[in-house]
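>>> Turn this into a model:
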Amino acid sequence: MAVLPSMVTVMPLPTAAPPHDGSPYHLGKELLRHPANDSHIVQFYEDEAFLMEVLAHYLGEGLAAGEPLVVIATDSHRRGITERLVATGVDVEAACGGGQLTLLDARETLSLFMVEGRPDAERFQDIIGGTLAKVLAVGKGSRVRAYGEMVDLLWHDGLGEAAVALEELWNDLAARYPFSLLCTYALGGFGEEAHAPSFRDICRAHTHVVPTESYATMEDPDCRLREVTLLQQRALALENEVAHRKQVEQRLLEALSSRDTFLWAASHELRTPLTALQLQLQVLSRMSAPHGDEPREEHLRERLTRATRHAERLGLLVEGLLDVSRISDGQLQLEAEEVDLSRLVRDAVASSSDAVARAECHVDVVAEAPVLGRWDRQRLEQVFFNLFDNALKYGRGRPVEVRVEGSAERARLVVKDHGIGIPAEHQDRIFRRFERAAPSHHFGGLGLGLWMARRLVEAHGGSLQVQSEPGHGATFTLKLPSRRG
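Modelled structure (predicted):
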């Protein structure tokens, strides 16, 4: 048999009667006074003082009944137990010497049968079973009354599965030795949602479960029922709160993912015109030396025009990013002026000649008659560029149609491509922030253009809709109130 941890003794004191019934009411008092032969009781507690009261009652009643005691506890709790027993008149040293009280250190005892973070069944049988056999042989009683804190130590060490396994080993041992067992756990150690499965397993491993003092000390049955009802309400509220927090956490994770995608796309989108602008400026620098060559001067003017367009495009991108913040904060302000939508569209298409050439698209513009209204010119340019750029991007190599129509009450702008199209299930989603119908690594973009375009149109009191089928292109229709006068 393995060597047991040393027993703890104190100086002898006069013998007195065991604890009396003057202690406060406790729901499990009768259970702890006369536990059945195979009882495996778990007591949860919140306060150390309450724990000491329970242990003094449980162990004191055992001594009064002539049952030998085995206490496996931490050093501080062993001292507390002996002090309580001494305070009730028990001669602790005499009890230890006579085999009626065995005090073992919980941590040291654990070390004797734990193997790689789990209790070894054979070693447990050898150590704990041997202790019970020795106590029964030496003591005067026919059964042992045991108390153990080893499971609580395992739980606080983060070894929940090992704690449950040890509880089951105690149950197996009950088939070989007559004893009752009290285990205690600090309820504060189960304060997380993830602890719930192990908590249920621990409760199932015991024949009796006694709640903490906030419930167990309620003597009035009606008060106990009220407390149960309150606990049920709190549990429901907590479950709802946990579900809400999970939803918030998921949205935060999605927002972080969208942020990363946005930052990547933003850097890519800003880099494109910036690189083109830098190249144009490098060419201009080389051409700046005077040569008196008229064709060279014409070429220089063309380069300056292109550089200006790239700078304007870069400015629109930056302004667009600022508008995202303004729209989100509800601080977008429109600067309405008399605008000819037809002319705005014609000028925008003309300034996009390089982009049209790169996309290899034929653009058909029907915007001859003036369509006048009071709108924010810069915002409408942003909207059109978003729609037109999308048509070139997703309809590459195919015709793009742009049409402007108007009446005294309303203006209508249609941008139609013959590209890849948009599935019906994505046609609402593309107007959301950071959303696309096609992968960004194939087509680029910030995933903000259509979201911002619709917000800007709605700020004018208008609407922006899409009609599309996969493989048959997309038609975006913008409608605006004229607001003339």
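>>> so where's the stretch 101-250 of the chain uncertain?
Applying pLDDT under 70 to the stretch 101-250 of the chain flags residues 139-141, 216-232, 234.
>>> That one: strands as residue ranges?
Secondary structure of the stretch 101-250 of the chain by DSSP state E, counting those that start in this stretch: the strands cover 101-105, 114-115, 118-119, 144-148, 179-186, 208-210.
>>> Just send those strands back as CSV, with distance to residue 362 too.
C-beta here means a position set from N, CA and C on the backbone, and glycine is covered the same way. Below are the strands of the stretch 101-250 of the chain laid out as CSV (distance: least, CB to CB, whole Å):
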stretch, distance to residue 362
strand 101-105, 89
strand 114-115, 79
strand 118-119, 75
strand 144-148, 86
strand 179-186, 78
strand 208-210, 80
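>>> quick one, which of these is nearest to residue 276?
strand 118-119 (65.9 Å; CB to CB).
>>> what residue ranges in the stretch 301-450 of the chain score low on pLDDT?
By pLDDT under 70, the low-scoring segments of the stretch 301-450 of the chain are 309-310, 312-331, 434-447.
>>> The same query, at a cut-off of 90, please.
Filtered on pLDDT under 90, the stretch 301-450 of the chain yields the residue ranges 301-335, 351, 353-355, 378, 382, 407-409, 425-450.
>>> Let me have the strands of the stretch 101-250 of the chain in TSV, adding mean neighbour count and distance to residue 192 as columns.
Output for the strands of the stretch 101-250 of the chain, formatted as TSV (neighbours: other CB atoms under 10 Å; distance: least, CB to CB, whole Å):
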stretch	mean neighbour count	distance to residue 192
strand 101-105	23	29
strand 114-115	14	24
strand 118-119	19	22
strand 144-148	24	24
strand 179-186	23	14
strand 208-210	17	20
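>>> Looking at these, which is nearest to residue 431?
Between residue 431 and the strands of the stretch 101-250 of the chain, the shortest separation by CB to CB is 53.8 Å, and it involves strand 179-186.
>>> Show me the contact partners of that closest one.
Identification of contacts with strand 179-186 by CB atoms under 8 Å, 6 or more residues apart in numbering yields 32, 35-46, 51, 54-55, 58, 70, 132, 143-149, 151-152, 155-156, 167, 170, 173-174, 202, 206.
>>> Any quick PyMOL command for the buried ones out of the residues you listed?
Buried residues within those, by 16 or more other CB atoms under 10 Å, are selected in PyMOL with:
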select buried, resi 32+35+39+40+41+42+43+44+45+51+54+55+58+70+132+143+144+145+146+147+148+149+151+152+155+167+170+173+174+202+206
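>>> In helices, which of the contacts of strand 179-186 appear?
32, 51, 54-55, 58, 132, 151-152, 155-156, 167, 170, 173, 202 (DSSP state H).
>>> Greatest separation within those: which pair is it?
Pairwise distances across the ones in helices among the contacts of strand 179-186 peak at 25.2 Å for 132 and 156 (criterion: CB to CB).
>>> Please report phi then psi for the closest residue to residue 461 other than its chain neighbours.
Nearest non-adjacent residue to residue 461, counting by CB to CB, 6 or more residues apart in numbering: residue 481, 5.0 Å away. Backbone torsions for residue 481, taken as degrees, to the nearest 10, come to phi -70, psi 140.
>>> Let me see the contact set for residue 481.
So residue 481 contacts 373, 409-411, 460-462 (CB under 8 Å, 6+ apart).
>>> follow-up on the earlier one: going by distance to residue 104, which of the ones in helices among the contacts of strand 179-186 wins?
residue 132 (11.7 Å).
>>> what residues are up against that closest one?
With contact taken as CB under 8 Å, 6+ apart, residue 132 is in contact with 70, 144, 146, 173, 177, 179.
>>> Give me the distance between the nearest residue in space to the second one that is not next to it in sequence and residue 170.
What that stands for is residue 144. Nearest residue to residue 144 in three dimensions, chain neighbours excluded: residue 179, at 3.9 Å (CB to CB, 6+ apart). Distance of residue 179 to residue 170, computed by CB to CB, to the nearest Å: 9 Å.
>>> ditto for residue 45
From residue 45 across to residue 170, the span is 19 Å (CB to CB).
>>> Ok, residue 362 next?
On the measure of CB to CB, residue 362 and residue 170 end up 84 Å apart.
>>> Kindly report the same for residue 49.
Per CB to CB, residue 49 is found 26 Å from residue 170.
>>> roughly how far is stretch 333-346 from the heart of the chain?
Relative to the centre of its chain, stretch 333-346 is centred 47 Å away, using CA atoms, centre = their mean, to the nearest Å.
>>> Could you find the closest non-adjacent residue to residue 427?
According to CB to CB, 6+ apart, the nearest residue to residue 427 is residue 466 (5.5 Å).
>>> For that neighbour, what are phi and psi?
phi -130, psi 140.
>>> Stretch 368-381 spans what distance, first to last residue?
18 Å (CA to CA, to the nearest Å).
>>> who does the strand or helix carrying residue 77 touch, helix- and strand-wise?
Per DSSP states H and E, residue 77 falls inside helix 75-87. If contacts are counted by 3 or more CB pairs under 8 Å, 6 or more residues apart in numbering; DSSP states H and E, helix 75-87 sits against helix 48-64, strand 69-73, helix 92-97, strand 101-105.
>>> could I get these as a markdown table with distance to residue 210?
What follows is these, written out as a markdown table (distance: least, CB to CB, whole Å):
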| stretch | distance to residue 210 |
| --- | --- |
| helix 48-64 | 8 |
| strand 69-73 | 18 |
| helix 92-97 | 25 |
| strand 101-105 | 23 |
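>>> In the protein, which residue is most central in space?
With distances taken as CA atoms, centre = their mean, the residue of the chain nearest its centroid is residue 249 (3.8 Å).
>>> measure it to residue 432 for me?
Separation of residue 249 from residue 432 (CB to CB) stands at 20 Å.
>>> thinking again about what came up before, please report how far the residue nearest to residue 144 lies from residue 382.
Taken as CB to CB, the span from residue 179 to residue 382 is 81 Å.
>>> cool, residue 153 as well?
According to CB to CB, residue 153 stands 66 Å off from residue 382.
>>> What is the burial count for residue 74?
Residue 74: 15 surrounding residues under other CB atoms under 10 Å.
>>> Nearest spatial neighbour of it, chain-adjacent residues omitted?
In space, and not counting its chain neighbours, residue 74 is closest to residue 106: 5.4 Å by CB to CB, 6+ apart.
>>> That neighbour contacts residue 147, correct?
No: under the criterion of CB atoms under 8 Å, residue 106 makes no contact with residue 147, lying 10.1 Å away.
>>> Mutual contacts of those two, please.
Residues touching both residue 106 and residue 147 (CB under 8 Å, 6+ apart) are 72-73.
>>> distance of the closest residue to residue 451 other than its chain neighbours from residue 420?
In this structure, residue 451 finds its nearest non-sequential neighbour in residue 433, 4.6 Å apart by CB to CB, 6+ apart. Distance of residue 433 to residue 420, computed by CB to CB: 22 Å.
>>> Of those two, which one has the most company?
Taking other CB under 10 Å, residue 433 and residue 420 do not tie; residue 420 has more neighbours (21 against 16).
>>> Show me the one of the strands of the stretch 101-250 of the chain that comes nearest residue 454.
Nearest to residue 454, of all the strands of the stretch 101-250 of the chain, is strand 179-186, at 56.5 Å by CB to CB.
>>> Listing partners with orientation, what would you give for the closest one?
Paired neighbours of strand 179-186 in the sheet (DSSP bridges): strand 40-45 (parallel), strand 144-148 (parallel).
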